[in-house]
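Trainee: sequence plus predicted model, see below.
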Amino acid sequence: MCRVKNLRAYEAASSSLLSFFVLFILLAALFFIPIADAQSSVSLYYFYGEECSHCKEVTVLIEELEEKFPEIEVHKFEISYNATNSELFNAFIQAYNPPAVDIPAAFIGNKSLIGYELTEEKLETEIEFCLQNECSDPLSIIKEQEGQQSPLLLMLIGTALVEGINPCGFAVLIVLLASLLLVKSKRSVLYVGLAFIASVFVTHLVVGFGIVGFYLISSGMAPIIKAMVIVIAIPAGIINILDFWREKPTLVIPTFMKPKLGKLARCASIPGAVLLGFFATIAGLPCTGPLYLTMLDLIADAQSKTALYLLLYNLLYTLPLFVILAVVYKETSPEDVEEWRKGKRKYMKLIGGLVMLALGIAMLLGFV
């Protein structure tokens, strides 16, 4: 009899324990299952200017929507008198890449509403969408974009050095230094060589700023510009690669410019070196210009760092010229350097061509 009672007690305890376990599983499941129909809060980033009349109207609209949708968290930033807010606005523009840059501007989820596109109807639609769906915080998109700057920086460094190691600029500098050594002291070689490199740097930088400025002004034509860059970069890369097996390179300084550059080089003076640097840079663009054109398109997208990236690119672009100047100044003859240049010229063209082709294909496939 006692054994039966114990058995019944055991069964009752087991049943209670099983019921408790099932209830625990159900509660745990309810706790961990996300609510798919709604998002608890939505972040909206709003940028405006103190003196902007249209901004004042939109600010009132934003405040009304805050009352209507208590779930939204509005972050307001005045950018006319606040440099930090202005930099943040540039970061948003860089990440979202809208067709135009204007204020007022609102960013919600992965959408941007700029200028007169920022209407009550469109903003309300985006808020309702994000309340019903899982929208990313716009600030997380900015951080993700910033994390992608490292590959661009590495690409910039590599491309600048490859463009700088080009036979065209090397040839002009070597002729200039050879002429200097015939008639001038070593100190003059250093000064005139530095004047030439400085002129190359400034000219190449100004050309870069001009092209980037065009890209930014024509931001509405970005797909067309990108297509043009691809059409130039890929054929230029193929031509440079094919030049590896040819006796004479295809993309070189125009023939009619060579006597004039040679005459300037033999002047062996600082003013002559400045003019030579300018003309040599412009005339040498067919050699590796497509590389520069491709990188400028990518640099233009990094609007908050465009000037910094351009300066860095051009410093690296002229670095090989500094190396040649240092080598010649340390009593290595220009003739030896020229002989080395001619021996390695086709390899320089091959490397440049491969980089051009790779960048062009990467842009075509949407990787950059």
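Mentor: Alright, I've got the coordinates.

Trainee: tell me the phi and psi of the residue lying closest to Asp102 once chain neighbours are set aside?
Mentor: Leaving out its chain neighbours, the residue that sits closest to Asp102 by CB to CB, 6 or more residues apart in numbering is Gly115, at 3.7 Å. Backbone N, C-alpha and C define where each C-beta goes, glycine included. Phi and psi for Gly115, reported as degrees, to the nearest 10, are phi 60, psi -130.

Trainee: all helices of the protein, in order?
Mentor: Along the chain, the segments classed as helices by DSSP state H run 2-32, 53-68, 83-96, 120-132, 138-147, 149-164, 167-183, 186-217, 222-242, 258-267, 270-283, 285-301, 306-329, 334-364.

Trainee: isn't Ile234 up against Leu364?
Mentor: Yes - contact criterion CB atoms under 8 Å: Ile234 and Leu364 qualify, at 7.3 Å.

Trainee: neighbour count winner among these two?
Mentor: Ile234 (20 against 16; other CB atoms under 10 Å).

Trainee: wait, isn't Ile225 in contact with Tyr215?
Mentor: Yes - taking contacts as CB under 8 Å, Ile225 lies within contact range of Tyr215: 6.1 Å.

Trainee: out of the helices and strands in the chain, which is least certain?
Mentor: helix 2-32 (a mean of 43; mean pLDDT, DSSP states H and E).

Trainee: what's the local residue count around the residue nearest to Tyr215 when sequence neighbours are not counted?
Mentor: Leaving aside its sequence neighbours, Tyr215 sits nearest to Ala300 (CB to CB, 6+ apart; 4.0 Å). The tally of other residues near Ala300 (other CB under 10 Å) stands at 22.

Trainee: how close does Ala300 sit to Gly213?
Mentor: To Gly213, Ala300 is 9 Å away according to CB to CB, to the nearest Å.

Trainee: circling back to that earlier point, now do the contacts for the residue nearest to Asp102.
Mentor: Applying CB atoms under 8 Å, 6 or more residues apart in numbering, we find Gly115 in contact with 54, 100, 102-105.

Trainee: which one (most neighbours) among those residues?
Mentor: Taking other CB under 10 Å as the neighbour criterion, Ala105 ranks highest of the contacts of Gly115 with 26 neighbours.
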